[in-house]
Structure formats: C-alpha cells, structure tokens
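# generate coordinates for the sequence data below:
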Amino acid sequence: MGHAPLFARLRRRRQRSGGAVAWLALVAGTWLTLPSAAQDADAPLSAAPEAPAVSTLASDTPGTAALTGDSLVDRGRYLFDAALCAGCHTAEDGMALAGGRPIESPFGTFYTSNITPDADYGIGDWSDEDFVRALSEGISPAGKHYYPAFPYTSFTKLTREDMLAIKAYLGTVEPVAQPNRPHDLVWFAGWRWPLGIWKAIYFESGTLSPDASRSETWNRGAYLSEAAAHCAECHSPRDLLGGIKQSERYAGADDGIEGGGTPNITPDKETGIGAWTADMLAFYLEIGMEPDGDFAGGAMAHVIEQGTGRLSAADRAAIAEYILSLPPISR
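Just a heads-up that it's a prediction; the model follows:
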C-alpha cells in the first residue's frame, strides 16, 4: 500500500484542523481485548510493524492447523491485524504490547494488560489451552472470569486454529517485563463472581458457522466482522449491565472509545450508511476517506492504519458486503 503514508499525512492534517470525524470505528471500543494472566485482568493490542503479505481468511474453518513455522506466524500476524489489536495493548509512550492503556467505561477505568511473551507479567507461560480458553470462554489460566471489557464474546467465534495462529505470532514479539496496572473500578464492579451470572445472560460460546445460503464472500465478511474485528462490540448500544442491545446491534453507541460515540453502521438511509456503496465502504476501510472527502480521525484513524488498511482488498470487500447486508436500523 504505497499510498498509505500519504493518506496518513492527510488524515493528520485534517485532524489538526478539526475536520476529521471518526465515525466508522470497527475497533474494540468501550470494551477491550486480550488479557494477561499476570494481571488476571482484561484489556484491550498495540502498534506493530507493517504486516507481511499472507493469504486472506477463509469463510469456513481456515485450516491453519496444517500450517507450521513462518506460515503459521504470518497467518497469526494477519489475524492480529484483522482483530484490530494494534494500539489497545500499548500505553501512550509505552512499550509495545506491554499494556497500561486506560480505557474508560461506565464501570470505571480498565487498564490494558501485558500480552508480550514475558513469563512473569505477560502471557509467556500460557499453554495453548490457556489461550484458547481465554478467547473462547472468557476464563483466565487461574480459572477466574474475565470482564466483558475483553471481547471474548466475539473472539469465541474464531476457530481454534486461528486463535492458536495469533498466539504463535504473539510468541515472536519482544517480551517486556512490565507489571500490569490494576483496574480502577466502581466498588461493585470489583467483584468477579457476578460475571458468571452476566455470562449466563449475555454470552454464548462457539465458533461462527458459515451460512450455506450466502456467498463465500459474505461468509468471509461475517467471520471478519463478527469474530475477528468484533465490530458490534463498539457499534452497538449496551444496557445497564453492559450487555449489547441485540435489537439495535450495529446501530451505534452513545458512549464509545475515547469518550466519543460510535456511529450507526447499518444500511439505514437516514441515520446509518445506507447511502454508501460497497466500494465506498471498502475504500474507507483501506485509507479512511469518506464519500464526502473527509478523513477518519481519532480511534478510527488508528484502526485503519494498524488494522483494516492492512487487510487484503478481498477481505475489505467482504466486510463491506456483510455490513451493508445487515438489517437497517434507524437510531
């Protein structure tokens, strides 16, 4: 993507002038990402170098178990970007992936965790089963529930092979011996035992199954949007207990990442992105330019530079096809 640095400069220029609006954030929003065993906390991944060129994701079971060595690591790096992990696990001016970034929520401030392969403070001593259980069940290696700030509610839809590919990639990054910062939550949110009840109400584990009535491209877009990129976690309103309001899924949220709201990305003509074509949306996910010529700013600028802009053109097109197939919701 030779034009990426140019558009990044344009985005920064628009941000300085106050003209950019971050309004398609497919990033982990009010809720974080991958946690660390040492903190037994939940926190959303960080800035990382340019991704290697690898094949696109499959719409059904990707079959990564057959990949070994560099192929598995490369696939994991691609999935790492697809999951919009970059940025969340690195504090401002902090070490890459060492955690410490504050995330505000109605329940207090969560601090992202160290997910480097450091054995003492990161995930260096996690087994494959520890990693899969964290992503698919929201359970720490110590057997404790993770807060739904960590979007295991979406990552559970990933295949086991893709989860382990991400782990393989994380095992190659520089370990950082940095302790995790405790969360600063309202008093009642400090109890973890009610999270089992929360899960019983809101959480359903299991890999996303392809829809045989839909095209391969649509299924690929569904997998990327629902599982890897976990778009609904940020673009959906939540109730008082922090559960997604399913009747308004993807219809935007008043409280999103970095204190701002997130837009309605259903294809509603008036309040959503129903006026956008699939090509417009795919192009936006590549360079951040909206149909009116404005550029994404804030959190979405980082999402594009570190996440969706690194995906293949086919995968961005698949996301666009899926998102624009959602039921339109006026909100």
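
# the strands in the protein, which residues?
102-105, 108-111, 184-185 (DSSP state E).

# now do the contacts for G138.
Going by CB atoms under 8 Å, 6 or more residues apart in numbering, G138 touches 145-146, 148, 150, 152-153, 156, 195, 199, 203. (Each C-beta comes from the backbone N, C-alpha and C, glycine too.)

# out of the residues you listed, who's the most crowded?
The most crowded member of the contacts of G138, judged by other CB atoms under 10 Å, is Y152 (29 neighbours).

# dump the strands of the chain into CSV; add mean neighbour count, mean pLDDT and distance to D294 as well.
Below are the strands of the chain laid out as CSV (neighbours: other CB atoms under 10 Å; pLDDT from 0 to 100; distance: least, CB to CB, whole Å):
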stretch, mean neighbour count, mean pLDDT, distance to D294
strand 102-105, 18, 84, 26
strand 108-111, 19, 89, 31
strand 184-185, 14, 94, 35
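
# make JSON lines out of those strands and add distance to R316.
Output for these, formatted as JSON lines (distance: least, CB to CB, whole Å):
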{"stretch": "strand 102-105", "distance to R316": "26"}
{"stretch": "strand 108-111", "distance to R316": "29"}
{"stretch": "strand 184-185", "distance to R316": "36"}
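
# for the ones you listed, which one sits closest to E226?
strand 102-105 (21.7 Å; CB to CB).

# picking up where we left off before, which ones among the contacts of G138 map onto helices?
If you go by DSSP state H, the contacts of G138 have 152-153, 195, 199 in helices.

# of the residues you listed, which is the nearest to A278?
T153 (26.9 Å).

# what's the spacing between that closest one and E104?
From T153 across to E104, the span is 19 Å (CB to CB, to the nearest Å).

# repeat for A98
20 Å.

# same check on R160?
Distance from R160 to E104, by CB to CB: 33 Å.

# burial measure for E174, as a count.
11.

# who touches the residue nearest to it when sequence neighbours are not counted in this structure?
Using CB to CB, 6 or more residues apart in numbering and skipping the chain neighbours, the partner closest in space to E174 is T116 (6.5 Å). Residues near T116 by CB under 8 Å, 6+ apart: 95-98, 122-124, 170, 173-176.

# repeat that for E92.
So E92 contacts R101 (CB under 8 Å, 6+ apart).

# could you check the pLDDT of it?
Per-residue confidence (pLDDT) for E92: 85.

# how close does it get to M300?
In terms of CB to CB, E92 sits 18 Å off from M300.

# ok, which pair from the contacts of G138 is furthest apart?
T156 and L195 (14.8 Å).

# looking at the contacts of T116, which has the most residues close by?
Highest count within these by other CB under 10 Å belongs to L97, 32 neighbours.

# make TSV from the ones in helices among the contacts of G138 and add distance to A189 to it.
Output for the ones in helices among the contacts of G138, formatted as TSV (distance: CB to CB, whole Å):
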residue	distance to A189
Y152	17
T153	17
L195	10
K199	15
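
# what's the closest of these to C234?
Nearest member of the ones in helices among the contacts of G138 to C234, counting by CB to CB, is T153, at 12.2 Å.

# I figured that closest one hits G206, correct?
No - T153 is beyond contact range of G206, at 11.2 Å (criterion: CB atoms under 8 Å).

# is it true that T109 touches H183?
Yes - in this structure T109 lies within contact range of H183 using CB under 8 Å: 6.6 Å.

# among the strands of the chain, which comes closest to A320?
strand 102-105 (27.6 Å).

# neighbours of P182, how many?
P182: 12 neighbours (other CB under 10 Å).
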